[in-house]
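Novice: Turn this into a model:
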Amino acid sequence: MRRSAVSIPTNLAEGSGRSTDRDYARFVSNAIGSASELEYHLFLTKDLGYLDKHSTDATRQLLVEVRRMLRSLRRHLLQSGS
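Specialist: Residues are numbered from 1 along each chain as shown. Predicted coordinates for the structure are as follows:
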């Protein structure tokens, strides 16, 4: 879980250093993939009994919002066209 959680901002940091918005958008896509991976791990920890339903639901709500923001950023980068 830590690896996929850390991968989200790491991809954003790496992508922000790229020369074009299209390159940056590719790294934002990678961050979205890491968020999806984290969501799977979240469900798995609940299924294995490491987290209760309330904690899982609250964390998942935050993760859904993060993915929404990432998708919006990716859309903006791709529309800017540089």
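Novice: Report the residue spans of this protein with pLDDT below the cut-off.
Specialist: 81-82 (pLDDT under 70).
Novice: can you name the farthest residue from the center of it?
Specialist: Gly49 (23.8 Å; Cα atoms, centre = their mean).
Novice: any idea whether it is helix, strand or coil?
Specialist: Classification of Gly49 using DSSP: H, G, I helix; E, B strand; the rest coil returns coil.
Novice: Then Leu63?
Specialist: Classified using three-state DSSP, Leu63 is helix.
Novice: From here on, call the first residue 395.
Specialist: Happy to do that; since the first residue is 395 now, the last one works out to Leu457.
Novice: what's the neighbour count on it?
Specialist: 17 (other Cβ atoms under 10 Å). Just so you know, the C-beta spots here come from the backbone N, C-alpha and C atoms, and that holds for glycine as well.
Novice: My read is that it contacts Leu436, right?
Specialist: Yes - with contacts counted by Cβ atoms under 8 Å, Leu457 reaches Leu436, the gap being 7.0 Å.
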